[in-house]
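Q: below is the structure, and that's it, no one-letter string:
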Ligand SMILES: NC(=O)C1=CN([C@@H]2O[C@H](COP(=O)(O)OP(=O)(O)OC[C@H]3O[C@@H](n4cnc5c(N)ncnc54)[C@H](OP(=O)(O)O)[C@@H]3O)[C@@H](O)[C@H]2O)C=CC1
Ligand SMILES: O=C1O[C@H](COP(=O)(O)O)[C@@H](O)[C@H](O)[C@H]1O
């Protein structure tokens, strides 16, 4: 077992557990771009990866320990000595995932080799030490059944836990997914199985929950009345690059829509879960998925990238892609969630691989939610003439935008009537003078801000990060939580309220004004369901 010599452990170690991590599919894209770099990060942070660990790459490709390490080196970002130390833990075993038809029924010998390699590593630890084994399937799902069988037959730990991580997509369709589930669940206990969707681990995705449910001004606006459509965009500025063996069997819809983008969509669309427990979260997501009407062909666009103008290979020029493949590398689907909150709002999911120079600048994952503006305001806003701090009802907005609003407000009739009778409980009880100033765009100091903010504002030192070009003064009228507001005013908080970083950034850059992202809180005010957002001078 010459492999072991350079991956062995310090014999004097007295740790009570050791862990063997097998990365199956170690020759592939996921392994080099994500799995090994993630393990390296854990190793770098010392305490996150057990000290007594071995990482065994397993795949069919003919590689040695050294060639695996050379392949991985470029993907591990860190100090050279740390990278080298980590790579010493990494060894490689070549083997098949399934037996050939002629070998059918025989013990899976390559998995026995893997098991022996693990056992040799474990043998260097005292007998009472926990000997744990983790199998990470960085492989196309088509080989999960034989691989899981090989693991079950040959590789389970006799002295510790064994866990199996499987990747998405989990099957190709409902039938194959159910079939796969049945096969794998027949081999392992549920608690030994980890079905992974790495998008759920992304900070920006995890922030969605906080952004939606912890921001009092966002929660009431998050619905069909205020959001015209939702776009979840995934762009990658590179092509398949040798991943045809996996990708061509699945295509872009199964690769990212069915899992990553639907997870994001579910988080955007779902109701607040009863608790943050995984089961409650899952139940809420499931309710959203059940409300999605079947996707129609009219609501689907598919495409495949071709050779770029500057000679970048098209999808069909990738050697690992079968000639003439019709596999989509681009898709746009429009889904509808048929429930009270989202009825009629298109959810546009658009993933693409685009290996061109233009795409290079555009690599991103984005979730856009353009807000509704009533037409007059929108028109004025697009002309840069609208100073309205909130979304007024069209008649009011129109008058204000035209500069012809000498009455404080043109209230829609019912409201006006109620107001004239002194019975109005509308939250926009503005004194005429205030309203007039608002119309003149001079209102910044009129608002009752929590004292610290108000003070800073009056000193002209308030740099709210969401300063929007045309409506900046009015925006400062928002009632910020004092601590947050203070941080914002000091310019020390670029994510003042738990917004998604990308949203916050866009706001800070003032790049999302035209869609009026912040305006709709005013809608809520006008509609009278969120009056406590505003404090007006009495
Ligand atoms: N790439 C990524 O960033 C991510 C990928 N994933 C998931 O990981 C899995 C693997 O993806 P990825 O690494 O990109 O794909 P690859 O095409 O790079 O496949 C990984 C390895 O699997 C083996 N393999 C490829 N195709 C087949 C096949 N048809 N039959 C048997 N073995 C095959 C190859 O190893 P060898 O020939 O040496 O045995 C290959 O190196 C997929 O399920 C994907 O959805 C998940 C998250 C991110
Ligand atoms: O699951 C996948 O995700 C990656 C993109 O992941 P990201 O974290 O870099 O956004 C994608 O390249 C790959 O095709 C897909 O299988």
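A: Good, I have the coordinates. Only a predicted model underlies this, so the values are computations on that prediction, with no experimental measurement involved. Ligands and ions are numbered 1, 2, ... in the order given.
Q: low-confidence stretches in this structure?
A: Residues of the chain meeting the criterion pLDDT under 70: 1-15, 46-47, 356-538.
Q: could you tell me which residues of it lie near ligand 1?
A: Counting by CB under 6 Å from any ligand atom, the residues of the chain close to ligand 1 are 25, 27-30, 33-34, 59-61, 97, 138-143, 167-169, 198, 243, 245-246, 255. Just so you know, the C-beta spots here come from the backbone N, C-alpha and C atoms, and that holds for glycine as well.
Q: show me these that map onto strands.
A: Judged by DSSP state E, the residues of the chain next to ligand 1 include residue 59 as members of strands.
Q: taking the residues of the chain next to ligand 1 one by one, which sit in helices?
A: Per DSSP state H, helices hold the following members of these: 29, 30, 245, 246.
Q: just send those back as JSON lines, with distance to residue 133 too.
A: Below are these laid out as JSON lines (distance: CB to CB, whole Å):
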{"residue": "29", "distance to residue 133": "24"}
{"residue": "30", "distance to residue 133": "20"}
{"residue": "245", "distance to residue 133": "26"}
{"residue": "246", "distance to residue 133": "25"}
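Q: beta partners of residue 331?
A: Beta-bridge partners for residue 331, by DSSP bridges, are residue 302.
Q: that one reaches residue 350, doesn't it?
A: Yes: Residue 331 is in contact with residue 350 according to CB atoms under 8 Å; the separation is 7.2 Å.
Q: let me know the distance separating the residue nearest to residue 71 when sequence neighbours are not counted from residue 138.
A: Counting by CB to CB, 6 or more residues apart in numbering, residue 32 is the residue found nearest to residue 71 once chain neighbours are left out, at 6.1 Å. Using CB to CB, to the nearest Å, we find residue 32 at a distance of 9 Å from residue 138.
Q: quick one: end-to-end length of stretch 100-111, please.
A: The first and final residues of stretch 100-111 sit 14 Å from each other (CA to CA, to the nearest Å).
Q: which residues touch it?
A: For stretch 100-111, contacts defined as CB atoms under 8 Å, 6 or more residues apart in numbering pick out 93-96, 98-99, 146, 149-151, 153-155.
Q: could you dump these to a markdown table with neighbour count and distance to residue 323?
A: Converted to a markdown table, those look like this (neighbours: other CB atoms under 10 Å; distance: CB to CB, whole Å):
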| residue | neighbour count | distance to residue 323 |
| --- | --- | --- |
| 93 | 22 | 33 |
| 94 | 17 | 28 |
| 95 | 16 | 29 |
| 96 | 18 | 26 |
| 98 | 16 | 25 |
| 99 | 18 | 29 |
| 146 | 16 | 27 |
| 149 | 19 | 33 |
| 150 | 27 | 32 |
| 151 | 23 | 35 |
| 153 | 14 | 37 |
| 154 | 18 | 37 |
| 155 | 22 | 37 |
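Q: narrow those to those in helices?
A: Of those, the ones assigned to helices by DSSP H are 146, 149, 150.
Q: now, which of the residues you listed sits nearest ligand 2?
A: Using CB to the nearest ligand atom, residue 146 comes nearest to ligand 2 of the ones in helices among the contacts of stretch 100-111, at 21.0 Å.
Q: list the contacts for the residue of the chain found nearest ligand 1?
A: Relative to ligand 1, the nearest point of the chain is residue 28 (2.3 Å; CB to the nearest ligand atom). For residue 28, the contact set (CB under 8 Å, 6+ apart) comprises 59, 138, 139, 243, 246.
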